[in-house]
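Asker: One predicted model, sequence on top.
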Amino acid sequence: MAKAPTVEDVARRAGVSRQTVSNVINTPAIVREETRVRVQRAIDELAYRPHVAARSLRTRRSSTIGVHIDPFSGGISGVILDRFIHALTENANERALRVLIYSARSRDEEIARLSDLIDGGEIDAAVITGTAYGDPRTGWLDGRGLPYAAFGRPWGGGDVWESGHSWVDVDGAAGTRAATRHAVEAWGSRVAWLGWPPDAGTGDDRERGWREAMRASGLAGPVFRAPDSVAEARSVMAQAFADPMVRDGVDAVVCVSDALAVGAHLAAVDTGASGIGLIGFDNTPVAEALGLSSVEQAPELVAGAVLDLLTDDTGRRIVGGEGPPERMLVEPRLVVR
């Protein structure tokens with residue numbers, strides 16, 4: 001096995017002292033730009049990774065970001081958060097940062113777990129998911145002064161763009177606009193929407209994209225609703241497709257999730273309506289296996305954006321929370337099959 005590169009190796013490659021390399025890693029602001037770039041290039045070329053434990057002793061920082069993992073919920077779309085955490089871990093590793101995954105069954109339990117991690121010096125920042133208006137975690141984290149960012153907008157009340165914390169989310173409306181435009185071009189102008197019951201959140205945002213795309217083309221289409229369940233969507237759409245008036249009046253259905261798209265697909269098979277186009281949302285392995293087009297959320301891009309909010313210009317030092325809150329939407333892409 002090849003020997004791992006050391007600080008001395010980086011210093012020799014960059015033509016600087018060992019202390020200069022240490023400064024670039026730990027306090028890059030005090031290093032001249034030209035020198036910092038040269039040292040960073042040497043670090044990248046040698047694939048050097050600082051020894052986290054030793055650096056923690058010197059700087060009293062762990063370079064670790066805590067992230068909560070939700071209880072397993074099953075379902076077709078549950079894989080999205082798993083992909084996000086996997087991408088966050090990989091991206092952090094490339095930046096010489098670490099991710100500590102913790103579990104909790106409630107908001108209060110999560111706050112207690114975060115308190116233990118902060119008091120023990122185990123994390124320097126946190127990533128939270130599933131935020132909502134008035135979320136107790138955000139106010140508590142603000143009080144502790146811990147840098148943090150959220151995956152997802154704080155739905156449920158108020159203006160999400162005026163929230164007091166930084167967040168990154170997927171632009172669901174942009175995804176369904178693209179899906180609707182494709183459906184019109186590929187199958188015809190009679191494009192229906194299959195969504196969740198109104199929720200003043202993600203589902204409504206995705207439905208807005210369908211409505212905007214249809215309105216822009218001077219079109220309108222029927223709306224069907226079901227909980228995020230394959231069986232429920234299958235039942236709702238089987239009843240719809242069994243009606244010749246409905247079946248013959250729909251060219252395609254844009255769905256709020258892959259779970260509902262799979263249910264609609266099974267209903268189409270049940271009723272002989274296989275000529276109707278279907279597009280889901282989440283681009284899960286199930287949609288891929290069935291050959292269904294779907295909107296790809298790109299959690300890998302979200303993970304990178306979250307880390308950008310928490311780090312300095314080098315992307316390697318945690319400094320989040322020093323400026324005003326930042327909010328960012330990541331545009332998804334339509335995967336056509």
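Answerer: All right, it came through fine. All values derive from a computational prediction rather than experimental measurement.
Asker: where's the closest residue in space to residue 281 that isn't next to it in sequence, which helix or strand?
Answerer: Distances taken as Cβ to Cβ, 6 or more residues apart in numbering place residue 295 nearest to residue 281, at 4.5 Å, with adjacent residues excluded. Using the backbone N, CA and C atoms, a C-beta is placed for each residue, glycine as well. In this assignment (DSSP states H and E), residue 295 forms part of strand 293-296.
Asker: Sheet partners, orientation included, of that strand?
Answerer: Applying DSSP bridges, strand 293-296 is found paired with strand 277-281 (parallel), strand 333-335 (antiparallel).
Asker: List the contacts of it.
Answerer: 175-176, 178-179, 182, 258, 261, 277-284, 287-288, 332-337 (Cβ atoms under 8 Å, 6 or more residues apart in numbering).
Asker: Let's see the ChimeraX selection covering just the buried ones among those.
Answerer: Buried members of the contacts of strand 293-296, defined by 16 or more other Cβ atoms under 10 Å, are picked up in ChimeraX with:
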select :175,176,178,179,182,258,261,277,278,279,280,281,282,283,284,287,332,334,335
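Asker: Can you identify each of the helices in the stretch 51-200 of the chain by residue range?
Answerer: 52-59, 79-94, 107-119, 136-144, 172-186 (DSSP state H, counting those that start in this stretch).
Asker: same deal with the stretch 201-337 of the chain?
Answerer: Remark: helices assigned in the stretch 201-337 of the chain by DSSP H, counting those that start in this stretch are 202-216, 230-241, 244-247, 258-271, 285-290, 299-310.
Asker: for the longest one, packing partners?
Answerer: Applying 3 or more Cβ pairs under 8 Å, 6 or more residues apart in numbering; DSSP states H and E, we find helix 202-216 packed against helix 172-186, strand 191-195.
Asker: which residues touch it?
Answerer: So helix 202-216 is in contact with 155, 172-181, 184, 191, 193, 195-198, 220-221, 223, 254, 256, 281, going by Cβ under 8 Å, 6+ apart.
Asker: dump the residue contacts of the closest residue to residue 29 other than its chain neighbours.
Answerer: Leaving aside its sequence neighbours, residue 29 sits nearest to residue 312 (Cβ to Cβ, 6+ apart; 7.9 Å). Neighbouring residues of residue 312 by Cβ under 8 Å, 6+ apart: 28-29, 319.
Asker: how much space between the residue nearest to residue 290 when sequence neighbours are not counted and residue 68?
Answerer: Spatial nearest neighbour of residue 290, chain neighbours left out: residue 265 (6.0 Å); criterion: Cβ to Cβ, 6+ apart. Look at residue 265 and residue 68: by Cβ to Cβ, to the nearest Å, they are 33 Å apart.
Asker: Equivalent analysis for residue 40, please.
Answerer: In this view, residue 40 and residue 68 are 32 Å apart by Cβ to Cβ.
Asker: ditto for residue 290
Answerer: Taking Cβ to Cβ, one finds residue 290 at 31 Å from residue 68.
Asker: more neighbours, those two?
Answerer: residue 68 (21 against 17; other Cβ atoms under 10 Å).
Asker: Is the more buried one bridged to anything, and to what?
Answerer: Beta bridges link residue 68 to residue 102 when assigned by DSSP bridges.
Asker: How about the contacts made by it?
Answerer: Contacts of residue 68 by Cβ under 8 Å, 6+ apart are 101-104, 110, 113, 127-129.
Asker: With distance to residue 166 and neighbour count as extra columns, can I get the residues you listed in CSV?
Answerer: Converted to CSV, the contacts of residue 68 look like this (distance: Cβ to Cβ, whole Å; neighbours: other Cβ atoms under 10 Å):
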residue, distance to residue 166, neighbour count
101, 20, 12
102, 20, 16
103, 23, 11
104, 21, 16
110, 18, 20
113, 21, 15
127, 10, 24
128, 11, 22
129, 13, 16
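Asker: out of the residues you listed, which one sits closest to residue 86?
Answerer: The shortest approach to residue 86 among the contacts of residue 68 belongs to residue 101, at 10.3 Å (Cβ to Cβ).
Asker: Looking at that closest one now. What's its pLDDT?
Answerer: If you check residue 101, the pLDDT there is 92.
Asker: quick revisit: tell me which of the strands paired with strand 293-296 lies nearest to residue 36.
Answerer: Using Cβ to Cβ, the strands paired with strand 293-296 put strand 333-335 closest to residue 36, at 34.5 Å.
Asker: what residues does the closest one touch?
Answerer: With Cβ under 8 Å, 6+ apart as the test, strand 333-335 has contacts from 175, 178-179, 182, 279, 283, 293-296, 298.
Asker: mind checking how far that strand is from the chain centre?
Answerer: Centroid separation between strand 333-335 and its chain, computed with Cα atoms, centre = their mean, to the nearest Å, is 15 Å.
Asker: Stretch 155-169 too?
Answerer: The answer for stretch 155-169 is 15 Å, by Cα atoms, centre = their mean.
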